[in-house]
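J.: here you go, sequence then predicted model.
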Amino acid sequence: MGLENEKINLYTKNRAIVERKIDKAQLLVNPQTESIFHLNQMGSAIWRLLEHPTTVDEIINTVIVAFPESAEDLVKSDVQRIFRQFVKKNLILPVGHQATTTNT
């Protein structure tokens, strides 16, 4: 799965996702699917950057600036992998396509 569309599209957090912090672990809960996702340090950083609409390229550039000692290729592949997972699991959505929670 390429990131061609993600590179140009603005994405933000799916507002239906519930964030939980237990000790030092950051968890994301999707109440619609009852899925729980554990975020590592990079995932948590990317999640924070998605508070406001952004593209995958903007996130990559921000992480490269924040961690200049890290290899750019490694940062790029890590961010792209996590971003793809976020998209696939509907943790993030294109701007204008926010999910709503339903009470059943």
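T.: Noted; the coordinates are in hand.

J.: pLDDT wise, what is residue 104 at?
T.: At residue 104, the pLDDT value in this model is 38.

J.: which is the succeeding secondary structure element to the longest helix anywhere in the chain?
T.: With secondary structure taken from DSSP state H, the chain has its longest helix at helix 72-88. Note on helix 72-88: by DSSP states H and E, the next helix or strand toward the C-terminus is strand 92-94.

J.: so what strands line up beside that next one?
T.: If you go by DSSP bridges, strand 92-94 pairs up with strand 11-13 (antiparallel).

J.: how far is the helix or strand just after the strand it pairs with from where the chain is centred?
T.: Beyond strand 11-13 on the C-terminal side, the first helix or strand identified by DSSP H and E is strand 18-22. For strand 18-22, the distance from its own C-alpha centre to the chain's C-alpha centre is 15 Å (Cα atoms, centre = their mean, to the nearest Å).

J.: same check, this time on stretch 31-39
T.: The answer for stretch 31-39 is 13 Å, by Cα atoms, centre = their mean.

J.: what about that stretch, how long is it end to end?
T.: 17 Å (Cα to Cα, to the nearest Å).

J.: let me see the mean pLDDT of it.
T.: Stretch 31-39 comes out with an average pLDDT of 92.
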